[in-house]
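# what's the 3D shape of this:
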Amino acid sequence: MAGISVDPKLLLQAGAHFGHKTSRWHPAMRPYIHGKRANTHIIDLTKTAPMLEDALRAIEKTVAAGKPVLLVSTKQQAVDAVQAVAEETGMPYVVNRWLGGMLTNSNTMNSRIKHLKQLESRMSSGELEAKYSKLEVQRYQEEIDQMNHMYGGVKDLSGKPGMVFVVDILNDDIAVKEAHKLGIKVAGLVDTNGDPRTIDYPIPSNDDALKAIELVLDYVKQAIEAGKSQQKAPKSEDK
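This next block holds a predicted model:
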């Protein structure tokens, strides 16, 4: 598995090197800080590139093994980009709100998703329309829409994901904690105010700039597609 090569120049052009103000930093990020400019820490992209490559190799390996990568970001500026990559690659995602227990409380999650799928099936078959008034059908549709808003990105996730990718480890710290509780590896962007020790594959980078987020997500997309191309076709049963 050769892996994907990351170009530090592209990271620079996307603004991935701009950290937070020097007053808002985590000491554990010291090894990944090149210096400061106008009271703003500058991330060392020569460190970022190989660490991103490590994360991409892990993602590729996970997908190649037939396991999904859960993409997570409830940070507003990253929502559309994360959802787009997830839908284009067929990966599960959470972009609206991380509900406590999404990973750790499988019984409740499975129950809610089962209910959602049943409602969708009854709606598409015409059963609800034949049985209830227009107002009642409208209310069922509203319930379906609301549940899809919360669970739509994970309703086809069977069991635990093989890995979790998070855009902002502070914004979605509950997702990180739940993943670790279940022994699921986590990769994600870590700005200068974050603690890289809290995840398995930290990627030192600005986690606010949309261009930087989109660039990293494009690399993630490439890794997922590379992994999918290596998946073994299921063996046909002997007749």
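# what's opposite the residue nearest the centre of the chain in the beta bridge?
The centroid of the chain falls nearest to Leu71 when counting by CA atoms, centre = their mean (1.6 Å). Beta-bridge pairing for Leu71 (DSSP bridges): Tyr93, Phe165.
# tally of neighbours for the residue lying closest to Pro204 once chain neighbours are set aside?
Closest residue in space to Pro204, ignoring its immediate chain neighbours: Tyr32 at 3.9 Å, by CB to CB, 6 or more residues apart in numbering. All C-beta atoms are positioned from the backbone trio N, CA, C, and that covers glycine. With neighbours defined by other CB atoms under 10 Å, the count for Tyr32 comes to 22.
# give me every residue that touches Tyr32.
For Tyr32, the contacting residues are 43-44, 47-48, 190, 192, 196, 204, by CB atoms under 8 Å, 6 or more residues apart in numbering.
# ok, Leu56 touching Glu225?
No. Using CB atoms under 8 Å, Leu56 is not in contact with Glu225; the gap is 11.2 Å.
# more neighbours, those two?
Between Leu56 and Glu225, counted using other CB under 10 Å, the more crowded position is Leu56 (25 against 13).
# find the nearest non-adjacent residue to the more buried one, please.
Nearest to Leu56 is Ala223, by CB to CB, 6+ apart, at 4.1 Å.
# correct me, but that neighbour touches Val63?
Yes. With contact defined as CB under 8 Å, Ala223 reaches Val63; the gap is 7.4 Å.
# more crowded one of those two?
Ala223 (28 against 25).
# report the buried residues of the helix or strand the more buried one falls within.
Here Ala223, judged by DSSP states H and E, is contained in helix 210-229. Neighbour counts over helix 210-229 (16 or more other CB atoms under 10 Å) mark 212-217, 219-221, 223-224, 226-227 as buried.
# between which two of those residues is the distance greatest?
Spanning the widest gap among the buried residues of helix 210-229 are Ala212 and Gly227, at 23.0 Å by CB to CB.
# picking up where we left off before, relative to Thr40, how far out is the residue nearest to Pro204?
Using CB to CB, to the nearest Å, Tyr32 is found at 15 Å from Thr40.
# could you do Ala130 as well?
Distance from Ala130 to Thr40, by CB to CB: 62 Å.
# in terms of neighbours, single out the busier of those two.
Higher neighbour count among Ala130 and Thr40: Thr40, with 15 against 9, using other CB under 10 Å.
# my guess is that one meets Arg24, correct?
No. Taking contacts as CB under 8 Å, Thr40 lies outside contact range of Arg24: 9.8 Å.
# follow-up on the earlier one: helices - which of the contacts of Tyr32 land there?
Residues from the contacts of Tyr32 lying in helices, with DSSP state H as the criterion: 47-48.
# closest to Gly19 among the contacts of Tyr32?
Thr192 (3.3 Å).
# hmm, that closest one is touching Gly35, no?
No. Applying CB under 8 Å, one finds Thr192 not in contact with Gly35, separated by 11.5 Å.
# got any residues that touch both of those two?
His41.
# more crowded one of the two?
Thr192 (25 against 9).
# and the gap between the residue nearest to the more buried one when sequence neighbours are not counted and Gln13?
Leaving aside its sequence neighbours, Thr192 sits nearest to Gly19 (CB to CB, 6+ apart; 3.3 Å). Per CB to CB, Gly19 is found 17 Å from Gln13.
# the two: who's more crowded?
Gly19 (28 against 13).
# tell me the SS of that one?
strand (DSSP: H, G, I helix; E, B strand; the rest coil).
# okay, and the common contacts of Thr40 and Arg24?
With CB under 8 Å, 6+ apart, Thr40 and Arg24 have no common neighbours.
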